[in-house]
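Visitor: Generate coordinates for the sequence data below:
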Amino acid sequence: MFGPIDIPMYFDTPLTIYENIFVADGGVLDAPIVYVDDTLTIENHGKIVGTINVCDNCTLTIENAGVFNATFDLGDNAEIVQLVNSGDDLTHVGFNTNYAVVVDGANNINLRRVVDAGDGAETITIKNSVVDIDVANIDATKLRFDGVVGLRIDNLDEFLGRPILNNIKSDVFAYIDADISNPMFSVVSYVDDDDLYVKMVRETDYTKFMPHDIGGFINSLRGTRDGESVLYALDGANTRYELNQIMADSMRIAPINLMRPVRMFNAFSLFDFDSDTGFGATYIMTDDLYMYGPEFNVGIHSGDFDFGIRGYLNYLNQTDGYDKATGIMYGGAIHAKYIHEYGFVRGLFGMNFTKFNMDHVFDGTRAVSGPVGMSTYAALDVGYCFDSKHGGYVAPFVGAMYEGIKILYQNESDFVGRVGIDAGYRFDVLGINYNYSLRVATNALGNLILGGGMRFMSNMDMIGGHLDFDYTDNKIGRGYKITAGIDFKF
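Guide: Below you'll find the model as predicted:
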C-alpha cells in the first residue's frame, strides 16, 4: 500500500493494511484504527499510535525498536508474536491481549532481559540463537527452545552447582557456550528436579584439544579391547601434565617404549667381549619386563688378536602399566681385541631387530600392527692389564659407547664416554683352567654395570662352560642378567 514510513503520517479514518509495514526512525504511524487484513509483520523503529485489529486466523508479527502506544483487538484464532532479533528489539510493547515472544537468530542477547520483556507473554521461544546468562535462577516456566540454542556464560564459576533456569521443561535442550581455561574439559547442561544446571566434564574427544593425528588415534582406541587400559588412564587425567605423562609412558602412543627390553639387552651387550666358542642361554629381567633366549659365540685367537662373532635370539615380554607386549628379537655382534705391551684396544659393533606382537600402535599418523624396531650399538675402549704371577689380573679401561634405536616415527641415540675395570683370577687344577671374573663400569649418563662370572675349560676334553651374573642401573631401570652355556676349544 505504501513504502517505508520515514515521516509522520496521521490518519483521521481507519486504515487497512495487507502487506508488511516498516516504520523508520523518525517515522510515525498514527491512525484511530489499523485493520490488519492478512498475516504480516510490522517493524517499528519510530512510533505507532492507535488501535490495531487483527483479522480472524491471522498472525501479526511485531518487531519493535521504537515506541508502540497501541491497543490490540484480535479476531478469532488470531495471534500476536513479538519478534526479537537483537537487544534493540526488546523495547516494551504494552500488549493488552495474549501474545508470544520469539527470539530468532539473535546473538548474545541477554536472557534475563528477554524474560522480563516477555513477562506478560504466554510463551517465550528461543530459536536458533545464543543468549547470555548473567544471573542464576531465571524462571523458565514460559521458555521454549527451538532449533540450535546456546546459553552463553562468561562467569562460569559462579554457576557451577547452582540452578541457571528454574521450572525447565523436560524437552528443553541447549548447548553451553562458555570460555574455560582448560581445553581438556567441556561444559554440559543437565536437568535435576526441573532445574537446569551446568557442570564441567572431562572432554573425551581428543581431537578437540590435541593435534588431529594423535587425537584421532586416541579416539580410535575407544570401543577396542586392545586400548582399554591406556584409554581409561587418559580419560582419568585431569591436567595436561598427567595426560602427557601417560602418553610418554604408553607403548601404544610412544612406541619407543616398546624398545625398553632391547635397550636393556644392549646395555649388557656393550660390555660383552667374550671370545670363547660355544653356545648358551640368557635371561634378563626388570620389574616390568623379561626376555630370554639362546646365543652362540665363535671365537678366534691369533697371536695378540682376539676376534668374536655372536648371534642371539630372544623372546621378550613387557608391560608399561597399561598394556602388555611380546616380541621376538634377533641379531648379532662382532668384536675384536688387540693386546700389546703398552695395553689393549678393543671394540665391538652389534645390531638387532625386534618384531613386536601388538596391535593399534601409533606410527605418527595412524594405527598400525606388529611394528618392527631396530637398534645398533658399538663401543671402543683402551686400557692396560696388570697381571700378577699368581694368576690375578686387573684391567682398567676408558672408552666410548654408542646406541641408536628406531621404531616407527621415533628414534633415540646416545654417544657417551665410559670408564671401568675388569678383574679376575685364573688358575689350573688337574688339567682344568678356571677363570673367575669381576667387572665394574659406568658412563657419562651415570649408568652403572656390575658383573661377575666363572669359566672353566678342560685341556683334555676341550670342553668347558660358563656362568655369568650381571646387574645394571640405567634409565630403563634396574636389570639383571644370567648367562649360562657350554664352551668348546679347537
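
Visitor: since we're on G303, how many residues are nearby?
Guide: By the criterion of other C-beta atoms under 10 Å, G303 has 7 neighbours. C-beta: built from backbone N, CA, C; applies to glycine.

Visitor: dump the residue contacts of it.
Guide: By C-beta atoms under 8 Å, 6 or more residues apart in numbering, the contact set of G303 is empty.

Visitor: for it, phi and psi?
Guide: phi 60, psi -120 (degrees, to the nearest 10).

Visitor: what's the spacing between it and H340?
Guide: Taking C-beta to C-beta, to the nearest Å as the measure, G303 falls 10 Å from H340.

Visitor: just Y436 next, same as before
Guide: Counting by C-beta to C-beta, the separation of Y436 from H340 is 25 Å.

Visitor: ok, now which ones touch A78?
Guide: By C-beta under 8 Å, 6+ apart, the contact list for A78 reads V54, C55, D56, N57, C58, T59, L60.

Visitor: coming back round to it: between Y436 and H340, which one's more packed in?
Guide: Ranked by neighbour count (other C-beta under 10 Å), Y436 and H340 place Y436 first, with 16 against 8.

Visitor: Is it correct that that one falls within a strand?
Guide: Yes: applying DSSP: H, G, I helix; E, B strand; the rest coil, one finds Y436 inside a strand.

Visitor: How about the contacts made by the closest residue to R426 other than its chain neighbours?
Guide: Spatially, and ignoring its direct neighbours in sequence, R426 is nearest to G391 (4.5 Å; C-beta to C-beta, 6 or more residues apart in numbering). Listed by C-beta under 8 Å, 6+ apart, the contact set of G391 reads Y425, R426, F427.

Visitor: same thing with N69?
Guide: Taking C-beta under 8 Å, 6+ apart, we find N69 in contact with K47, I48, V49, G94.

Visitor: Tell me which entries of those residues lie within strands.
Guide: Counting by DSSP state E, the contacts of N69 place K47, I48, V49 in strands.

Visitor: out of those, who has the most neighbours?
Guide: Tallying neighbours with other C-beta under 10 Å puts I48 at the head of these, with 24 neighbours.

Visitor: so what pLDDT did it get?
Guide: We note a pLDDT of 93 for I48 in this prediction.

Visitor: isn't it right up against G27?
Guide: No: in this structure I48 lies outside contact range of G27 using C-beta atoms under 8 Å: 9.2 Å.

Visitor: from the middle of its chain, how far away would stretch 33-50 be?
Guide: Relative to the chain's own centre, stretch 33-50 is displaced by 58 Å; criterion: C-alpha atoms, centre = their mean, to the nearest Å.

Visitor: Next, the buried residues of that stretch.
Guide: 33-36, 40, 42-48, 50 (16 or more other C-beta atoms under 10 Å).

Visitor: ok, which stretches of the stretch 151-300 of the chain are strands?
Guide: Counting by DSSP state E, counting those that start in this stretch, the stretch 151-300 of the chain has strands at residues 165-166, 175-178, 185-192, 195-202, 277-285, 289-302.

Visitor: for the stretch 101-250 of the chain, what are the low-confidence residue spans?
Guide: 170-171 (pLDDT under 70).

Visitor: residue ranges for the helices of it, please.
Guide: Using DSSP state H, counting those that start in this stretch, the helices found in the stretch 101-250 of the chain span residues 111-117, 212-221, 228-235, 240-249.

Visitor: The stretch 251-400 of the chain too?
Guide: 260-269.
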